[in-house]
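K.L.:
Take this sequence and fold it.
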Amino acid sequence: LLYLLLDQQYQVRYVYEHVSSVMRLEYVLSAFWAGQEGSLLLWQLLLAGTALILMLGLRGEEERQLQPYLLAVMAAVEAFMALVLILPSNPFELLPTFPAEGLGLNPLLENVGMIFHPPTLFVGYALYTVPFAFVVAGLLSGQSSDAWISRARRWSLTAWLFLGVGIILGAWWAYVELGWGGYWGWDPVENSSFIPWIFLTAQIHSLFIKRRRKGLMRFSLIVVCLTFWSVLYGTFLTRSGVLADFSVHSFVDLGINNFLISGMFFFMIIGFSFIIWRWQDIRPEPSYTAVGSRSYIVSLAIVIFFLGGILTLLGTSAPLLTRVTDNPSNVGLSYYFATMTPVAIAVLLLMALFPSYRWERGLSKPRLLIVGFVTAVATALTLAISGITSQPIYLLLFGIAVWALVSNSIVFYQSFRNGQVKPAYLSHIGLALAIIGAATSAGFETKVTVTLPQGQLVHANGFGMQFDSMVETEKGFDCHVNVTNGDDHFVANLPHEFPSNAEGVMKKPYVKKYIDYDIYLAPLALEQADNKTGLLELGKGETKTIDKYTITFHDFELAGHDEGGMKSATADITVQYDGREETLSPSLLLTDAGLEHLPARFDYDKASVNIDGVRPEAGSVILKFTGDFVDPSEIQQASLVVEVSRKPLINLFWLGTMLAFFSGAWSMKERRRRIVQQKKVAPESQKQETPREFVRS
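P.N.:
Predicted coordinates for the structure are as follows:
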């Protein structure tokens, strides 16, 4: 398929629908995963590569004993994906003709986000198949979880990293390309990747508890299966067409619903059946020693993340759950604000308390706890006294977020200074910054819609804006707007493109970034210039003058349907100029094909007049005059309607997410380094160890 795309073989339907000769090479390559069939092929390819890496990476006798079970699960998932891809639709379907040109990508897809966002998500989906395979393999073989739990955790952390980075790349892509002014709208298809990620977050922490205290094993296995199921469920939501009326991201239904539903239930039954089968063999262990301990805080965080995933899952499933009422509907943003804001506050509070406690029991850093609490109270009081906000939910959110930020920053700095860097604290810092940035940019955004007549300076939302020019491009035209922001000045370029594979015009926003806020300009509409027209509204018997012409409207005649199937309105007017008088009869026809204007020309064809509108209830007609005689003061310039937004502290969101995922990669690197060190030390220690049989028992 990649070869056919690069070679522009337009007789292949998929190539014809996604490639054109004017596309740049990087977008031709990204067309591979732009459509339904291509993205499924990419997923299949990544699954095969993941299975190969898994097979080659198995070490030790116990892991090799799991290999048949692991590869059986991976093969089953690949077989399912192959059935979904091949049976309902053929990615190599041929057209009856060989078109000379392809339709190409939608202009909104010709963005760097299209190059990286979908593949990164699919890498995360493919990688997460491995933890599910380890669970099934471990339960089938009856091996102790100690043989595979650490390796499953590394695969989970890697999948968490790729899936999270993919989500943020998609958010950034939406922010700079779509023009609706945001980066996350709780769209059902957006949520389809967020749900596995939040379940993965709970799972990683539960496996961490398992490694330290051997607790939460049953819960961990359930979350692993639920996370894998949510990946398949998100695929169903995205590709079944059930969300076509509720999401701009969803694919059309290609007849794969039955295959997706069957696969979801098959793997769900497989996973949970084995857990039930081995339930008594999985010895439950306490996940914490005391309420006042880090292990208890982490256990609470796992429950909160799990609850957040369930709440998002229910909101995302609303179009399906409400179908029984014959009136399917989606939940609004108010649902997610009411449910996910408490989840965010609870997570921030647990992150704020985490550094101050010991793992086993007791408070280890009381001064840090006091400093954090005082900082939270001071933040809330400052926001209230300064008048920034008095809403309790915002005061609570920002106060606890700053507490989490301060406490984790202090401990991270201390660990860095002592040469024992702990990436988990950096991840908590990033998440706190991201929540602060998201809440501030959304809750304190200022937005105004303004009309910019060409050549006129307009002040709005603290900025001076002047719509200067329109410049033609290969795909349409660009509108250039000069923006003045205090001492700063820049030109905002707002592209308007006319795609060959879509109707209408695609408008793209402009984002100007500052340290503490963004200026966001989104074009909404463009009223083209009409430099040689003038409008007059005249009642019956009324006379008006434009330039040297005196126009009198006498009456109009309205006719019903005639044999041609059309209605007509004809105006009876006279025009006097230079001692001459002409009688004119411009008409307006309403046919099945639409409105048709029949103008009347006068003054030796130097000017013309047609009917721009009729108001029978007022007995008046609106006449549109064209010619060189229109007064320059009456010239109608082009006007650009834009939405201008100021988004405070939005850069904290991007910075926080980058820190969080950087810490994930750092944690994987540190874990790898410790494993290598342990392997180097192991040969020396084994010389004085007890016999192998005793160690194994």
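
K.L.:
going forward, measure contacts between C-alpha atoms and count neighbours the same way
P.N.:
Noted.

K.L.:
Can you tell me the SS state at residue 10?
P.N.:
Three-state secondary structure (criterion: DSSP: H, G, I helix; E, B strand; the rest coil) places residue 10 in coil.

K.L.:
Now for the spatially closest residue to it that is not a sequence neighbour: which residues touch it?
P.N.:
The shortest distance from residue 10 to any non-neighbouring residue, by C-alpha to C-alpha, 6 or more residues apart in numbering, is to residue 16 (4.5 Å). Contacts of residue 16 were listed using C-alpha atoms under 8 Å, 6 or more residues apart in numbering, and they are 8-10, 99, 101-104.

K.L.:
Same check on residue 542?
P.N.:
Applying C-alpha under 8 Å, 6+ apart, the residues contacting residue 542 are 552-554.

K.L.:
6 Å instead, please
P.N.:
If you count contacts by C-alpha atoms under 6 Å, 6 or more residues apart in numbering, residue 542 has them with 552-553.

K.L.:
Residue 620 versus that one, what's the distance?
P.N.:
9 Å (C-alpha to C-alpha, to the nearest Å).

K.L.:
same question, residue 585
P.N.:
15 Å.

K.L.:
neighbour count winner among the two?
P.N.:
The residue with the greater number of neighbours, taking residue 585 and residue 620 and applying other C-alpha atoms under 10 Å, is residue 620; the counts read 21 against 18.

K.L.:
surely the more buried one meets residue 536?
P.N.:
No. Because the distance of 10.2 Å does not satisfy C-alpha atoms under 6 Å, residue 620 is recorded as not touching residue 536.

K.L.:
which parts of stretch 106-123 are buried?
P.N.:
106-110, 113-123 (16 or more other C-alpha atoms under 10 Å).

K.L.:
ok now that stretch, how far from the chain's centre?
P.N.:
11 Å (C-alpha atoms, centre = their mean, to the nearest Å).

K.L.:
check contacts around the nearest residue to residue 599 once chain neighbours are set aside.
P.N.:
Computed as C-alpha to C-alpha, 6+ apart, the closest residue to residue 599 that is not its neighbour in sequence is residue 610, at 4.3 Å. Contact analysis of residue 610 by C-alpha under 6 Å, 6+ apart lists 586, 599, 623-624.

K.L.:
Please state the offset of stretch 361-378 from the chain centre?
P.N.:
A distance of 37 Å separates the centroid of the chain from that of stretch 361-378, by C-alpha atoms, centre = their mean.

K.L.:
What residues of that stretch count as buried?
P.N.:
Using 16+ other C-alpha under 10 Å as the burial criterion, the residues of stretch 361-378 that qualify are 361, 363, 368-369, 372-373, 375-377.

K.L.:
Residue 99: what secondary structure?
P.N.:
coil.

K.L.:
for the stretch 51-200 of the chain, what spans make up the helices?
P.N.:
For the stretch 51-200 of the chain, applying DSSP state H, counting those that start in this stretch gives helices covering 60-86, 112-141, 149-177, 188-213.

K.L.:
try the stretch 301-450 of the chain
P.N.:
318-321, 333-353, 366-385, 392-417, 423-443.

K.L.:
Can you pull up the most central residue in the chain?
P.N.:
By C-alpha atoms, centre = their mean, the chain has its centre lying nearest to residue 171, at 4.1 Å.

K.L.:
Next, the contact list for it, please.
P.N.:
With contact set as C-alpha under 6 Å, 6+ apart, residue 171 has these partners: 183-184.

K.L.:
Assumed residue 477 was part of a strand.
P.N.:
Yes. The secondary structure assignment for residue 477 places it in a strand, going by three-state DSSP.

K.L.:
Share the number of residues neighbouring it, please.
P.N.:
Residue 477 is flanked by 17 other residues according to other C-alpha under 10 Å.

K.L.:
pretty sure it contacts residue 493?
P.N.:
No. Here residue 477 lies out of contact with residue 493, judged by C-alpha under 6 Å, at a distance of 10.1 Å.

K.L.:
Lovely, talk soon.
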